[in-house]
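>>> fold the following.
(one chain, ligands or ions: 1)
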Amino acid sequence: MHLFYNIYKALENAFIYVNKLALETLARGPIPRHVAFIMDGNRRYTKDDSISIAAGYLAGSNTLMKPRKKIVDLCFECGINVIYLYAFSLENFHRPKEQIDILMKLLDGTLGEVGENDPLEKKHGFRIRVSGRLELLDDNALRGIANAMNATKNNQGKVLNICVAYTGRDEIASAIRETVADSGFPGKITAKSLTENMFIGFPPLDILIRTSGVYRWSDFMLWQCHQDTDIEVVGDELV
Ligand SMILES: CC(C)=CCC/C(C)=C/CC/C(C)=C/COP(=O)(O)OP(=O)(O)O
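Predicted structure coming up:
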């Protein structure tokens, strides 16, 4: 028993050391500043492990949001200042209602916990912004979202953007509508005026990561994937 415990401890220490080394190596740069994640493959993961879809989404959410070396923690530790998550697309509304309800409850559960006693938020002091057609969400999700945005609204610097009820094309269409409504004149539509009316706005993306091994864009952040130095950054607190 004693021998097994020693082997276990040695492996644990080796793991901590390798982890630290990997982080230090990564931190030497260059570090991307703005990174987006398409959080795909949660249902496929449930088939391999024969667990419920709810458990699969919870595992996905925990992999991102839990403290101690999970994705958001690691990104902020490495010096990435702005993270974007694609948590629910407009297309996802076509899924079975029970699956939509699972995700809405998860948003409420995870975002509803953000606040004073949340270790991840305490460690990094990041702001949470949620973008998309929030009016299409149910009360569960809206409650969690309101809590997270409110609890972190005074935080400066790091930002966790969560896109819900979102697609990139809908964002662009909505920005065109807003720009015309603001100016009353289609001639006022420019790349800059549209940027100002996007749900997410800027800054542009450095890296887009899709989990699950599938190579597809899925209509995420189409506008922001373009690096254009001529466009003024909107909201300098995001840079
Ligand atoms: C708090 C917070 C940010 C929560 C997010 C939770 C989460 C993991 C959302 C992902 C939702 C989703 C519809 C993924 C895409 O396909 P899929 O993974 O459903 O299915 P697939 O395996 O069929 O591609």
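
>>> now the helix of greatest length in the chain: mean pLDDT?
Counting residues, the longest helix found in the chain (DSSP state H) is helix 2-27. Helix 2-27 comes out with an average pLDDT of 80.

>>> one more: stretch 223-238?
Mean predicted confidence for stretch 223-238 is 54.

>>> from the contact counts, what lies against the longest helix of the chain?
Here helix 2-27 touches helix 71-78, going by 3 or more C-beta pairs under 8 Å, 6 or more residues apart in numbering; DSSP states H and E. Every residue, glycine included, has its C-beta placed from N, CA and C.

>>> for the helix it packs on, list every residue counted as buried.
71, 72, 73, 75, 76, 78 (16 or more other C-beta atoms under 10 Å).

>>> what segments of the protein are strands?
Counting by DSSP state E, the chain has strands at residues 34-38, 82-89, 127-131, 159-166, 207-210.

>>> please name the bridge partners of the residue positioned nearest the centre of the chain.
Nearest residue to the geometric centre of the chain (C-alpha atoms, centre = their mean): residue 85, 2.0 Å. Per DSSP bridges, the residues bridged to residue 85 are residue 37, residue 162.

>>> how close does it sit to the ligand?
Residue 85 sits 5 Å away from the ligand, going by C-beta to the nearest ligand atom, to the nearest Å.

>>> pLDDT score assigned to that residue?
96.

>>> contact residues of this structure facing the ligand?
39-44, 57, 60-61, 64-65, 85, 87-88, 92, 103, 106-107, 110-111, 162, 212 (C-beta under 6 Å from any ligand atom).

>>> what does stretch 212-229 rub up against?
Residues from elsewhere that reach stretch 212-229, judged by C-beta atoms under 8 Å, 6 or more residues apart in numbering: 36, 38, 40-41, 44, 84, 86, 89, 91, 163, 166-169, 171-172, 175, 191, 194-195, 198, 200, 202-205, 208, 210.

>>> now do the helices in the chain.
2-27, 42-49, 53-65, 71-78, 97-112, 119-124, 139-152, 168-183, 191-196.

>>> least reliable of those helices going by mean pLDDT?
helix 2-27 - the lowest mean pLDDT of the helices of the chain, at a mean of 80.

>>> quick one: that one to helix 71-78, angle?
60 degrees (axes from the mean of the first three to the mean of the last three C-alpha atoms, to 10 degrees).

>>> distance between helix 2-27 and the chain's centre?
29 Å (C-alpha atoms, centre = their mean, to the nearest Å).

>>> before we move on, what about stretch 198-210?
Using C-alpha atoms, centre = their mean, the offset of stretch 198-210 from its chain centre is 10 Å.

>>> which positions within that stretch qualify as buried?
198, 199, 200, 201, 202, 203, 204, 205, 206, 208, 210.

>>> with stretch 212-221 instead?
219, 220, 221.

>>> just give me the closest of those to the ligand.
residue 220 (10.9 Å; C-beta to the nearest ligand atom).

>>> next up, phi/psi of that closest one, please.
phi -110, psi 130 (degrees, to the nearest 10).

>>> give me the neighbour count for the residue lying closest to it once chain neighbours are set aside.
Excluding its sequence neighbours, the residue lying closest to residue 220 (C-beta to C-beta, 6 or more residues apart in numbering) is residue 86, at 4.9 Å. Residue 86 has 25 neighbours, counted by other C-beta atoms under 10 Å.

>>> if I pick residue 86, what's in contact with it?
So residue 86 contacts 36, 37, 38, 39, 163, 166, 218, 220, 221 (C-beta under 8 Å, 6+ apart).

>>> cool, thanks, talk later.
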